[in-house]
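J.: I'd like to go over a predicted model; first the sequence, then the structure.
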Amino acid sequence: MIFKVGITGDIASGKSTVTSYLRKKGFTVIDADAISRSMTKDGSSVLREIEASFPGVVHDRKLDRKKLGRMVFSDPQKRKQLNAILHPLIRKEIRRQLDESGQIVFLDAPLLYEGGYEKEMDVVIYLALSKELQLERLMLRDGLSRQEALERMHSFDVPREEKMRKSYVIDNSGSFEDLLEKVDIFLDAFGLEKLR
């Protein structure tokens, strides 16, 4: 029996920090973004499909992620179009990795609720922070303008409040140490350190 934990949350909320910490502790983490990046690596077959739908985003068999990002984060229809290409492939690979995982597995997926993965999870962690802090971190992390950052923050289809209502919420408005302490409290609450 596998115990499955979903990890999702606000953009720039600290998901990578949490998954890095969990890996250091020896847990298995499936990363939906890493799967997506590997599927769109230079020269991959899915790039042809993306190029057909989004002309000008592939140059010399390389995906211009910034250009594609600007297109899909400013246009919900284009975002749906990209998701229709990538999500079935990502879902198949997530399924394969879940089937091969050990006793406990964490699934890091920014679109966990949008993709319906929460139905397969025993519990979902939702990382949250204030909108102001989120905007500040996102602009700093990705070198985005305020407008670009706001478009990305509003690009999720399932409302934040609904996701939080269905999840174990960890507020990441504090320090790095504070976040890791909250992760340890979660692991202890569910007895996951003992199960590993």
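T.: Structure's in. What do you need?
J.: helices and strands around the longest helix along the chain, which ones?
T.: Taking DSSP state H as the criterion, the chain has its longest helix at helix 76-100. If you count contacts as 3 or more C-beta pairs under 8 Å, 6 or more residues apart in numbering; DSSP states H and E, helix 76-100 packs onto strand 28-31, helix 32-39, helix 45-53, helix 65-73, strand 104-108. Heads up, the C-betas are built off the backbone N, CA and C, glycines and all.
J.: export the ones you listed as a markdown table, with columns for mean neighbour count.
T.: Output for the helices and strands packed on helix 76-100, formatted as a markdown table (neighbours: other C-beta atoms under 10 Å):
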| stretch | mean neighbour count |
| --- | --- |
| strand 28-31 | 20 |
| helix 32-39 | 16 |
| helix 45-53 | 14 |
| helix 65-73 | 16 |
| strand 104-108 | 22 |
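J.: out of the ones you listed, which gets nearest to T17?
T.: Among these, strand 104-108 comes nearest to T17, with 11.0 Å by C-beta to C-beta.
J.: centre of the chain to the first helix or strand past the closest one going along the chain, how far?
T.: Sequence-wise, the next helix or strand downstream of strand 104-108 (DSSP states H and E) is strand 123-128. What separates the centre of strand 123-128 from the centre of its chain is 11 Å, taken as C-alpha atoms, centre = their mean, to the nearest Å.
J.: can I get the CA coordinates of strand 123-128 in PDB?
T.: Listed next in PDB are the C-alpha coordinates belonging to strand 123-128 (Å, rounded to 0.1, in the frame of the first residue of the first chain):
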ATOM      1  CA  VAL A 123      -3.500  14.000   1.500                       C
ATOM      2  CA  VAL A 124      -2.500  17.200  -0.300                       C
ATOM      3  CA  ILE A 125      -0.200  19.900   1.100                       C
ATOM      4  CA  TYR A 126      -1.000  23.400  -0.200                       C
ATOM      5  CA  LEU A 127       1.800  25.900   0.200                       C
ATOM      6  CA  ALA A 128       0.300  29.400   0.600                       C
END
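J.: quick one: buried residues of the least confident helix or strand in the chain by mean pLDDT?
T.: Across the helices and strands of the chain, mean confidence by mean pLDDT, DSSP states H and E is lowest for helix 192-195: a mean of 78. Neighbour counts over helix 192-195 (16 or more other C-beta atoms under 10 Å) mark L192 as buried.
J.: who are the contact partners of the residue sitting nearest the centre point of the chain?
T.: By C-alpha atoms, centre = their mean, the mean C-alpha position of the chain lies nearest to P110, the distance being 2.6 Å. Neighbouring residues of P110 by C-beta atoms under 8 Å, 6 or more residues apart in numbering: 8-9, 11, 15, 32-33.
J.: let's go with 10 Å and repeat that
T.: 7-11, 13, 15, 32-33, 36, 155-156 (C-beta atoms under 10 Å, 6 or more residues apart in numbering).
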